[in-house]
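# my questions concern the predicted model and sequence given below.
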Amino acid sequence: MLNDTWSKDYRVEWHYIAPGRPMQNGYVGSFNGRMRDELLNETLFFGLDHARSAIADWVADFNTARPHSSLGYQTPAAYAEVLTATGSSAAQDDGSAPLPVAYPAPNGVTEKAEALIAAG
């Protein structure tokens, strides 16, 4: 298999989610469940173009207009505006350091990412 050869050549480790263990990647599991419940189970697609259009519309709504509990029930667009304007999260009203936008990568991940970037 091409991916196996490439990953061995560049010493990239594969990490799989164990069957029946979706919480090993809870963010993806949550997103997939929402997309399945709100779009895929509710929509009859009439062709590939219709599916692509409906999915693009749903993703745009999810990423911009829908309030998210993890953002203090703000929309992602509103949260991004606050971050851009103030440099900190609106949830940090106590004067403490702003919450990180993303947490640091686990040890070893950065080197693997740099190897992937260098490999092109």
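Received, thanks. Quick caveat, the model's predicted, so the values are computed rather than measured.
# list the buried ones in the longest helix seen in the chain?
Longest helix in the chain, counting residues (DSSP state H): helix 48-60. By 16 or more other C-beta atoms under 10 Å, the buried positions in helix 48-60 come out as 54, 58. C-beta coordinates here come from the backbone N, C-alpha and C atoms, glycine included.
# ok, stretch 6-19 next?
Buried residues in stretch 6-19 (16+ other C-beta under 10 Å): none.
# that stretch spans what distance, first to last residue?
Length of stretch 6-19, first residue to last, C-alpha to C-alpha, to the nearest Å: 25 Å.
# now it: average pLDDT?
The average pLDDT within stretch 6-19 is 76.
# how about stretch 72-79?
86.
# who touches the longest helix of the chain?
Helix 48-60 has contacts (C-beta atoms under 8 Å, 6 or more residues apart in numbering) with 35, 38-39, 43, 45.
# and the residues you listed, which are buried?
Among the contacts of helix 48-60, those classed as buried by 16+ other C-beta under 10 Å are Leu39.
# need the max-distance pair from the contacts of helix 48-60.
Checking those against each other with C-beta to C-beta, the farthest-apart pair comes out as Glu38 and Phe45, at 14.5 Å.
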